[in-house]
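**Q** Sequence first, then the predicted structure, then my questions.
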Amino acid sequence: MLIAIVVNRVAMALITLAGVAVVVFVLLRVVPGDPVAMMISPGAGPADIAALKAHYGLDAPLLTQFWIWIRGIVAGDFGTSITLHLYVTEVLASRLPATLELAILALLVAVALGGGIAVAGTLMRRTAGETAIDGLNSIMLAVPDFIWALALVLIFAVALPVLPLTGRIDPDLAQGFATRFYLAESIVTGRFAVAGNILSHMAMPTLALALPLAAVIVRLLKQSLKEAMVQDYVLLARIKGFRELRLVLQEALRNAVGPTIALTGVQFTFLVGGTVIVERIFAYPGIGNLAIDAVINRDFPLIQGLVLLFGLIFILINIAVDLTVATLNPRLRHG
Amino acid sequence: MRDPKVVCAGGFILLLIVVAIAAPWVAPKDPLAQNLLMTTTPPAGFPDAEPGFLLGTDGLGRDVLSRVIYGARVSLTVAFVAAGLACLIGSLLGLLAGFLGELVDALISRLVDVWMAFPPVLLSILLIAVIGTGLHSVITAIVVIDWTRFCRVVRTETKSQAQMDYVVAARTIGFSRPAILFREILPNVVPVLIALLTLEMGIAVVVEAILSFVGLSVSSDTPTWGGMIAEGRQIVHEAWWVLAAPLAALFATVVAFNQLGDGLARSLDPVLRR
């Protein structure tokens, strides 16, 4: 059953990606702005422009351009970035690990924070504590990552200057890495001082991305937990004399967590989308920050590569969510 | 309607609208007037504050309070125009999908599904790259991305209303289809729509702020909250108030639209009201 789901989802994913590719290609070719006009020096004549266009293949007919582009993609060649003068695949590969580490860390923090508060709220149900959590959470639900990021800047970089404001790692420490996964690598190789430095850089962007997701988790999980707590099996466990915390964690949580996992997966795609602006605010060298530069500079090959990469990430997340939900739900698992 | 949430949030937004419209009379200074002898002076009450600059001045000596007041104009324009247009297009298609039978429904629903499969961030990056920067681009991007929210909800709502006895009765009496759709069904969809529209306005305000933060919205000589935030972010260690003031305005506005939408959804829904 699981294999059928995987095959089905991968097929759908490939179709979606192909659709995204066509849309991106067409949209970027019909634009009024001329990318070449933006990259030439003011003194260049028509001959220079034509030469440059030929260099980037922009002088060929649209259909030919599309054919060249698709053939390139299949071969792993996304072209050359107009502004960075590097292969798009090279640029993306060097920037992606930073974003992956940030997004995954933010997901973990959101789950821990949201889950913790939801459980605490369930333990405190029908008390002033629950009212306080609900009230605070209704405001948290309204605040997007953009506002969180800047509020954190004011708190932890200005009022209490304890965290570094920009970057991924102190420049003098950014040496001797075999991979671009700085955080994972420094932990695996036991360089904990370096890992600590990286974490201090990641703290603010991580929190900014995690807090909105945590708020969503709190609302749904707390609701599901409260519903589960009045079920017969919890009552039975209560009669057996289990303590309240154990009732919530062992009896209610297992049955209540399903919808939250599905929603967290969907919301994780929003979190990844949020990296674009959050990375910008903290000058964090990931693909989100890169995307904004690419748009400002109208670097079309880079924009195409980025959109396809983001599309691929979103699709992979969706497949992972479907599989997790299917594995956890016995009815789906056994068809 | 006596929900304190709705009263407070609605009151705040009303006040904001009045202040934005009356900006030339309310703002203490010209928001564009530079004074290079008086740059980054702190807000009133802090040491070295200049009298007359309640929230201090920015890096070019412009009055922060006046700029925040003028910035509300762009934010509210985008909130009303973009959310309003998205609402109009989305609900029209939603009404048609819910009422015109299987084929139209299938077509519009598929379109919405495909549209929503495209992540908003990607779509807005692409759109702005294609249509260029400026206020019209910001509004276009919001409408193009968010009409689906309205379409989905209105379609579901229309479908369930179309099953109701009063619609069957109207049909029996011989009302024309447009009359049933706009005079009978639409008024019953409006409550849901109003709540959704209010929430969308909050989203639009944030999207505008983000796009002007990265310099993809209106040109830099118009004061916007996002533009001020970008400037304040650059000089945050010398003058935190240049960032804090517009950020506080943005926060309050977003929370107000959200609380108003939530409250309206609650008090307009006959089931929840009981």
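**A** Structure's in. What do you need?
**Q** where does the stretch 201-335 of chain A have low pLDDT?
**A** Applying pLDDT under 70 to the stretch 201-335 of chain A flags residues A:329-335.
**Q** can you list the residues of it near chain B?
**A** A:269, A:273-274, A:276-277, A:280-281, A:291-292, A:294-296, A:298, A:300, A:303, A:306-307, A:310-311, A:314 (Cβ under 8 Å from any Cβ of the partner chain). All C-beta atoms are positioned from the backbone trio N, CA, C, and that covers glycine.
**Q** Could you identify the buried members of these?
**A** Neighbour counting over these (16 or more other Cβ atoms under 10 Å in any protein chain shown) leaves A:269, A:273-274, A:276-277, A:280-281, A:291-292, A:294-295, A:298, A:300, A:303, A:306-307, A:310-311, A:314 as the buried ones.
**Q** Show me what the longest helix anywhere in chain A is packed against.
**A** In chain A, taking DSSP state H as the definition, the longest helix is helix A:192-229. Applying 3 or more Cβ pairs under 8 Å, 6 or more residues apart in numbering or on different chains; DSSP states H and E, one finds that helix A:192-229 contacts helix A:88-123, helix A:128-140, helix A:145-153, helix A:182-188, helix A:253-281.
**Q** That helix: which residues count as buried?
**A** Buried residues in helix A:192-229, counted by 16+ other Cβ under 10 Å: A:194-195, A:197-199, A:201-226, A:228-229.
**Q** again with stretch B:64-83
**A** B:64-79, B:81-83.
**Q** So for residue 147, what's the pLDDT?
**A** Picking chain A for this. On pLDDT, A:I147 comes in at 95.
**Q** Please refer instead to chain B.
**A** Reported pLDDT for B:W147: 93.
**Q** And B:T156, by the same measure?
**A** The model's pLDDT for B:T156 equals 88.
**Q** Report pLDDT for the closest residue in space to it that isn't next to it in sequence.
**A** Using Cβ to Cβ, 6 or more residues apart in numbering or on different chains and skipping residues adjacent in sequence, the residue nearest B:T156 is B:G98, 7.3 Å away. Here the pLDDT value assigned to B:G98 is 86.
**Q** First-to-last residue distance for stretch B:172-187?
**A** 20 Å (Cα to Cα, to the nearest Å).
**Q** Distance of the closest residue to A:A256 other than its chain neighbours relative to A:P259?
**A** Nearest non-adjacent residue to A:A256, counting by Cβ to Cβ, 6+ apart: A:S224, 3.7 Å away. Separation of A:S224 from A:P259 (Cβ to Cβ, to the nearest Å): 6 Å.
**Q** in the chain, which residue is closest to the centre?
**A** Unless you meant another one, I'm taking chain A. A:V272 (1.8 Å; Cα atoms, centre = their mean).
**Q** that's the wrong chain, I wanted chain B
**A** B:M201 (2.2 Å).
**Q** For residue 126, report the pLDDT, please.
**A** As the question left the chain open, I've gone with chain A. A:R126 is assigned 85 on the pLDDT scale.
**Q** looking at chain B here, not the other one
**A** The confidence metric pLDDT takes the value 76 at B:L126.
**Q** What helix or strand is the spatially closest residue to it that is not a sequence neighbour located in?
**A** Closest residue to B:L126 apart from its sequence neighbours, by Cβ to Cβ, 6+ apart: A:L27 at 5.7 Å. Per DSSP states H and E: A:L27 is located in helix A:2-29.
**Q** Can you tell me which helices and strands that helix packs against?
**A** helix A:62-74, helix A:300-328, helix B:120-131.
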